[in-house]
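Engineer: fold the following and give me the result.
(one chain, ligands or ions: 1)
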Amino acid sequence: MKIVVIGGSGLIGSKLVTKLRGLGHEAVAASPDSGVNTLTGEGLADVLTGASVVVDVSNSPSFEDAAVLKFFATSTRNLLAAEAEAGVGHHVALSVVGTERLSESGYFRAKIAQENLIKESSIPFSIVHATQFFEFVKSIAASATDGNTVRLAPVLIQPMAADDVASALSRIAVGAPVNGTVEVAGPQQFRLDELVRRGLSARNDPREVIADPQARYFGADLGERTLVPGDNARLGETRFEDWLSNPAT
Ligand SMILES: NC(=O)c1ccc[n+]([C@@H]2O[C@H](COP(=O)([O-])OP(=O)(O)OC[C@H]3O[C@@H](n4cnc5c(N)ncnc54)[C@H](OP(=O)(O)O)[C@@H]3O)[C@@H](O)[C@H]2O)c1
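Structural biologist: Below you'll find the predicted structure:
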């Protein structure tokens, strides 16, 4: 099958392209670097010719409220219209567990807009909700840092390795569209403050992590289970401590 990976040069996209090729598919990595820009529509018609499946793992270069909303709304509209023209039979998109509970955050409002456009379109689809990547722990810390202090709400989180996200996406991309949402997550739960404390300590980062129930997460208030999936989530195998000792996996 020809499978186009939008954002194929990114963290998840590059791993996904390798896995799909390993399964014997014609996986095409598409991104501005390779002349495909979903925001402007450039290169979309050409790259989608003959494609059976599109997996959208792109991300906005800016997380500023208006910019990220424009990115996901405009890109998704352009992509779905081009897919309809090309006769694509399955649109797979990567989003985040709890997106619908995080609408106080501009980033998550943009992901909700992306998901709604997919659900309203005529293309059969699978939306994959993944938990936070282990690779993203440093960005969580950065977003919550003030001086030498990192303030995080001590809520539950069930993060996963990017490699396990890519494996789950590869299976879903070659399967039948679910016309709904599939949740994927890691094998262990942590408290958010504890996870970031462990991640920083493994890198000898001197910042102090403080459990603060009032601390916001990218602008959103967090409840005990906002970030964790339901009972039917498919679980990756990689444990955080193993990933920390070999983060290339
Ligand atoms: N971070 C997390 O913990 C987490 C958890 C669950 C879900 N997600 C979701 O995972 C997705 C992928 O994240 P990631 O970390 O793999 O992203 P990433 O490494 O930042 O990669 C983003 C990709 O998007 C491409 N891109 C940017 N602008 C584009 C445009 N105008 N047209 C086409 N492609 C464009 C980039 O291409 P260039 O390299 O050419 O710029 C790059 O290939 C996101 O949608 C995010 O919401 C993230």
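
Engineer: can we go C-alpha only for contacts and neighbour counts from here?
Structural biologist: Fine.

Engineer: centre of the chain to stretch 142-156, how far?
Structural biologist: Chain-centre distance of stretch 142-156: 21 Å, with CA atoms, centre = their mean, to the nearest Å.

Engineer: what's the burial count for the residue lying closest to residue 57 once chain neighbours are set aside?
Structural biologist: Spatial nearest neighbour of residue 57, excluding adjacent residues (CA to CA, 6 or more residues apart in numbering): residue 7 at 5.2 Å. Using other CA atoms under 10 Å as the criterion, residue 7 is surrounded by 23 other residues.

Engineer: hmm, residue 7 is touching residue 29, no?
Structural biologist: Yes. Here residue 7 reaches residue 29: they are 7.0 Å apart, a contact under CA atoms under 8 Å.

Engineer: which neighbours do the two have in common?
Structural biologist: The contact sets of residue 7 and residue 29 overlap at residue 13 (CA atoms under 8 Å, 6 or more residues apart in numbering).

Engineer: helices of the protein, start to end?
Structural biologist: Ranges of helices within the chain are 11-22, 44-48, 65-86, 106-120, 137-143, 162-173, 192-202, 240-245, based on DSSP state H.

Engineer: any idea which of those gets closest to residue 221?
Structural biologist: helix 106-120 (12.4 Å; CA to CA).

Engineer: so what secondary structure elements neighbour that closest one?
Structural biologist: Other helices and strands packing on helix 106-120, by 3 or more CA pairs under 8 Å, 6 or more residues apart in numbering; DSSP states H and E, are helix 65-86, strand 125-130.

Engineer: out of those, which is the most enclosed?
Structural biologist: When the helices and strands packed on helix 106-120 are scored by mean count of other CA atoms under 10 Å, the highest mean neighbour count falls to strand 125-130 (a mean of 25).

Engineer: and it, which strands flank it?
Structural biologist: The strands beside strand 125-130 in its sheet (DSSP bridges) come out as strand 90-96 (parallel), strand 180-185 (parallel).

Engineer: can you tell if that strand touches the ligand?
Structural biologist: Yes. Contact of strand 125-130 with the ligand (CA under 6 Å from any ligand atom) involves residue 130.
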